[in-house]
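Asker: The amino acid sequence is not available; the structure is as follows:
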């Protein structure tokens, strides 16, 4: 099971980089069909913020994107997840928000995190970080 980080969803909606946009649209289409990915409420909030403020998307488009993505398994924010993110931050020296992504992926029993953030190829809590824009 893969975990989709916010930047994958943002790039799928960002027309400024056609290569990244196509790659992310393809990834999201694939996981929606196969049901082999998880997201978190944090990802929804971060995507909505960027889409509304920086990408200039309409509220109806952002709402529809979140509705589609919410058909995947969604890891909700919780006190337990925040505490785990603090632990992960301390272990790996990540930002709190990146550690929160790792904590959510761990809670979702994911084997990979698809993201441009963090260190491609590195294992975080046994979960491999895969940058979909870099050949492995």
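Answerer: It's in. As the structure is a prediction and not an experimental result, all values here were calculated from the model.

Asker: so who does residue 72 touch?
Answerer: Contacts for residue 72 (C-beta atoms under 8 Å, 6 or more residues apart in numbering) come out as 4, 31-32, 35, 37-39. Heads up, the C-betas are built off the backbone N, CA and C, glycines and all.

Asker: one more time with 10 Å
Answerer: 1-4, 28, 31-32, 35-39, 108 (C-beta atoms under 10 Å, 6 or more residues apart in numbering).

Asker: same check, this time on residue 34
Answerer: So residue 34 contacts residue 2 (C-beta under 10 Å, 6+ apart).

Asker: Could you do residue 84 as well?
Answerer: 78, 99-100, 102-104, 106-107, 125.

Asker: picking up where we left off before, now, the contacts of residue 72 that are in helices?
Answerer: 28, 31-32 (DSSP state H).

Asker: Just the closest of the contacts of residue 72 to residue 14, please.
Answerer: Nearest to residue 14 among the contacts of residue 72 is residue 28, at 12.9 Å by C-beta to C-beta.

Asker: my read: that closest one touches residue 43, true?
Answerer: No: Residue 28 is beyond contact range of residue 43, at 11.7 Å (criterion: C-beta atoms under 10 Å).

Asker: okay, and the common contacts of the two?
Answerer: With contacts defined as C-beta under 10 Å, 6+ apart, the residues shared by residue 28 and residue 43 are 4, 8-9, 69.

Asker: Which helix or strand contains the nearest residue in space to residue 89 that is not next to it in sequence?
Answerer: Nearest residue to residue 89, sequence neighbours excluded (C-beta to C-beta, 6 or more residues apart in numbering): residue 99, at 3.9 Å. Using DSSP states H and E, residue 99 maps to helix 96-107.

Asker: next structured bit after that helix?
Answerer: strand 112-114.

Asker: Need the contact partners of the very next helix or strand once past that next one.
Answerer: Remark: after strand 112-114, the chain's next helix or strand is strand 123-124, criterion DSSP H and E. Residues from elsewhere that reach strand 123-124, judged by C-beta under 10 Å, 6+ apart: 88, 91-92, 94, 98-99, 101-103, 105-106, 113, 118, 129.
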